[in-house]
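> 3D, please:
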Amino acid sequence: MKFTSAILINLGLVATSTAHPVEERDVQVAHLTFHGGPASYDLSVPADGSVVNTNSDISVSIIDAPDYNAITQCTFNTASEKTLVSSINTQTGLQSIIVGPPQPIISVSCNGACTPTYGVCYEDTHYNAPCCNGFCAGTRCRPWNITSTE
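Numbers count the residues shown, from 1 in each chain. Just a heads-up that it's a prediction; the model follows:
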(Lines give C-alpha, C1' and ligand atoms only; values in the text may rest on other atoms or scores of the structure.)
Protein backbone atom coordinates (compact mmCIF):
# COMPACT_ATOMS: atom_id res chain seq x y z
CA MET A 1 0.00 0.00 0.00
CA LYS A 2 2.75 2.45 0.95
CA PHE A 3 4.65 1.47 -2.21
CA THR A 4 1.58 2.16 -4.40
CA SER A 5 0.97 5.51 -2.70
CA ALA A 6 4.59 6.55 -3.27
CA ILE A 7 4.36 5.65 -6.97
CA LEU A 8 1.09 7.57 -7.38
CA ILE A 9 2.52 10.65 -5.65
CA ASN A 10 5.63 10.57 -7.84
CA LEU A 11 3.53 10.15 -10.99
CA GLY A 12 1.44 13.14 -9.87
CA LEU A 13 4.56 15.25 -9.43
CA VAL A 14 5.89 14.27 -12.87
CA ALA A 15 2.53 15.06 -14.50
CA THR A 16 2.39 18.45 -12.78
CA SER A 17 5.95 19.37 -13.79
CA THR A 18 5.36 18.48 -17.45
CA ALA A 19 2.03 20.33 -17.58
CA HIS A 20 3.81 23.65 -16.89
CA PRO A 21 7.36 23.46 -18.27
CA VAL A 22 9.88 25.84 -16.75
CA GLU A 23 11.20 28.62 -19.02
CA GLU A 24 14.64 27.53 -20.19
CA ARG A 25 16.16 31.01 -20.08
CA ASP A 26 15.27 34.55 -19.19
CA VAL A 27 15.00 36.97 -22.10
CA GLN A 28 15.74 40.66 -21.73
CA VAL A 29 13.03 43.07 -22.80
CA ALA A 30 13.64 46.41 -24.51
CA HIS A 31 11.20 49.08 -23.32
CA LEU A 32 10.89 51.62 -26.12
CA THR A 33 8.91 54.86 -26.41
CA PHE A 34 8.13 56.13 -29.91
CA HIS A 35 7.54 59.88 -30.36
CA GLY A 36 5.95 61.63 -33.33
CA GLY A 37 4.97 65.25 -32.81
CA PRO A 38 2.72 65.47 -29.73
CA ALA A 39 1.82 61.77 -29.87
CA SER A 40 3.77 58.84 -28.42
CA TYR A 41 3.36 55.16 -27.62
CA ASP A 42 5.26 52.52 -25.63
CA LEU A 43 6.31 49.09 -26.83
CA SER A 44 7.99 46.21 -24.99
CA VAL A 45 10.11 44.03 -27.28
CA PRO A 46 11.63 40.74 -26.09
CA ALA A 47 15.29 40.40 -27.10
CA ASP A 48 14.80 36.97 -28.62
CA GLY A 49 14.63 37.95 -32.30
CA SER A 50 10.84 37.82 -32.51
CA VAL A 51 9.19 40.52 -34.63
CA VAL A 52 6.75 42.78 -32.74
CA ASN A 53 4.33 44.84 -34.82
CA THR A 54 3.75 48.39 -33.62
CA ASN A 55 0.18 48.66 -34.99
CA SER A 56 0.67 52.42 -35.26
CA ASP A 57 0.72 54.88 -38.15
CA ILE A 58 2.37 57.72 -36.18
CA SER A 59 5.32 59.26 -38.06
CA VAL A 60 8.07 58.56 -35.54
CA SER A 61 10.98 60.99 -35.22
CA ILE A 62 12.47 59.85 -31.87
CA ILE A 63 12.66 56.48 -30.14
CA ASP A 64 13.64 56.49 -26.44
CA ALA A 65 15.54 53.39 -25.29
CA PRO A 66 16.21 53.79 -21.56
CA ASP A 67 17.14 50.19 -20.74
CA TYR A 68 18.44 48.50 -23.90
CA ASN A 69 21.16 49.10 -26.50
CA ALA A 70 18.53 49.43 -29.23
CA ILE A 71 20.62 51.31 -31.81
CA THR A 72 22.84 48.24 -32.33
CA GLN A 73 20.70 45.36 -31.04
CA CYS A 74 17.29 46.14 -32.58
CA THR A 75 15.98 46.29 -36.13
CA PHE A 76 13.34 48.91 -36.91
CA ASN A 77 11.28 48.07 -40.02
CA THR A 78 9.75 50.90 -42.05
CA ALA A 79 8.08 51.16 -45.46
CA SER A 80 10.86 53.34 -46.90
CA GLU A 81 14.54 54.26 -46.49
CA LYS A 82 15.54 55.62 -43.10
CA THR A 83 18.56 56.81 -41.19
CA LEU A 84 18.93 56.01 -37.48
CA VAL A 85 21.26 58.16 -35.38
CA SER A 86 22.09 57.66 -31.70
CA SER A 87 21.51 60.58 -29.33
CA ILE A 88 22.29 60.94 -25.62
CA ASN A 89 20.67 63.58 -23.40
CA THR A 90 23.64 64.95 -21.45
CA GLN A 91 21.41 66.11 -18.57
CA THR A 92 19.43 62.92 -17.95
CA GLY A 93 21.54 60.26 -19.68
CA LEU A 94 18.53 59.03 -21.66
CA GLN A 95 19.59 57.41 -24.91
CA SER A 96 17.40 57.95 -27.93
CA ILE A 97 17.37 57.09 -31.61
CA ILE A 98 16.64 59.85 -34.09
CA VAL A 99 14.68 58.62 -37.14
CA GLY A 100 15.16 60.52 -40.38
CA PRO A 101 13.00 61.25 -42.17
CA PRO A 102 10.18 60.76 -39.62
CA GLN A 103 7.95 57.85 -40.64
CA PRO A 104 5.82 55.06 -39.17
CA ILE A 105 7.73 52.15 -37.67
CA ILE A 106 6.01 48.96 -38.85
CA SER A 107 7.74 46.47 -36.56
CA VAL A 108 10.71 45.98 -34.24
CA SER A 109 12.88 43.00 -33.39
CA CYS A 110 15.70 42.91 -30.84
CA ASN A 111 18.31 40.27 -30.24
CA GLY A 112 21.02 39.68 -27.66
CA ALA A 113 21.73 40.69 -24.12
CA CYS A 114 23.16 43.83 -22.64
CA THR A 115 24.57 44.67 -19.22
CA PRO A 116 22.58 47.05 -16.96
CA THR A 117 24.11 50.18 -15.44
CA TYR A 118 26.77 49.29 -12.83
CA GLY A 119 26.68 45.66 -13.99
CA VAL A 120 29.90 43.82 -14.86
CA CYS A 121 30.72 44.34 -18.54
CA TYR A 122 34.32 43.08 -18.46
CA GLU A 123 35.58 40.26 -16.27
CA ASP A 124 38.63 38.00 -16.15
CA THR A 125 40.03 39.14 -19.52
CA HIS A 126 36.74 38.75 -21.41
CA TYR A 127 34.00 41.12 -22.49
CA ASN A 128 30.57 40.03 -21.18
CA ALA A 129 28.09 42.13 -23.19
CA PRO A 130 27.56 45.74 -24.30
CA CYS A 131 26.11 48.17 -21.78
CA CYS A 132 22.35 48.71 -22.05
CA ASN A 133 22.47 52.44 -21.33
CA GLY A 134 25.99 53.75 -20.85
CA PHE A 135 29.60 52.76 -21.43
CA CYS A 136 32.02 50.18 -20.06
CA ALA A 137 34.67 51.78 -17.82
CA GLY A 138 37.08 49.46 -16.07
CA THR A 139 34.89 46.45 -15.41
CA ARG A 140 31.45 48.07 -14.95
CA CYS A 141 28.81 49.79 -17.06
CA ARG A 142 28.60 53.49 -16.19
CA PRO A 143 25.66 55.79 -16.98
CA TRP A 144 25.99 58.25 -19.84
CA ASN A 145 25.41 61.24 -17.55
CA ILE A 146 28.38 60.93 -15.19
CA THR A 147 29.31 64.39 -13.96
CA SER A 148 32.21 65.61 -11.90
CA THR A 149 31.45 66.74 -8.34
CA GLU A 150 34.52 68.97 -8.13
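
> Do me a favour and get the backbone dihedrals for the closest residue to residue 69 other than its chain neighbours.
Computed as C-beta to C-beta, 6 or more residues apart in numbering, the closest residue to residue 69 that is not its neighbour in sequence is residue 114, at 4.6 Å. C-beta: built from backbone N, CA, C; applies to glycine. Main-chain torsions, residue 114, degrees, to the nearest 10: phi -140, psi 160.

> cool, and residue 72?
Backbone torsions for residue 72, taken as degrees, to the nearest 10, come to phi -110, psi -20.

> residues contacting it?
Residues in contact with residue 72 (C-beta atoms under 8 Å, 6 or more residues apart in numbering) are residue 130.

> now do 10 Å
84, 86, 112, 114, 130 (C-beta atoms under 10 Å, 6 or more residues apart in numbering).

> ok, now how distant is the residue lying closest to the third one once chain neighbours are set aside from residue 125?
Here the nearest residue to residue 112 in space, its sequence neighbours aside, is residue 73; by C-beta to C-beta, 6+ apart that works out to 4.9 Å. According to C-beta to C-beta, to the nearest Å, residue 73 stands 24 Å off from residue 125.

> And the two? Which one has more around it.
Legend: neighbour count by other C-beta atoms under 10 Å for residue 73 and residue 125, higher for residue 73 (20 against 5).
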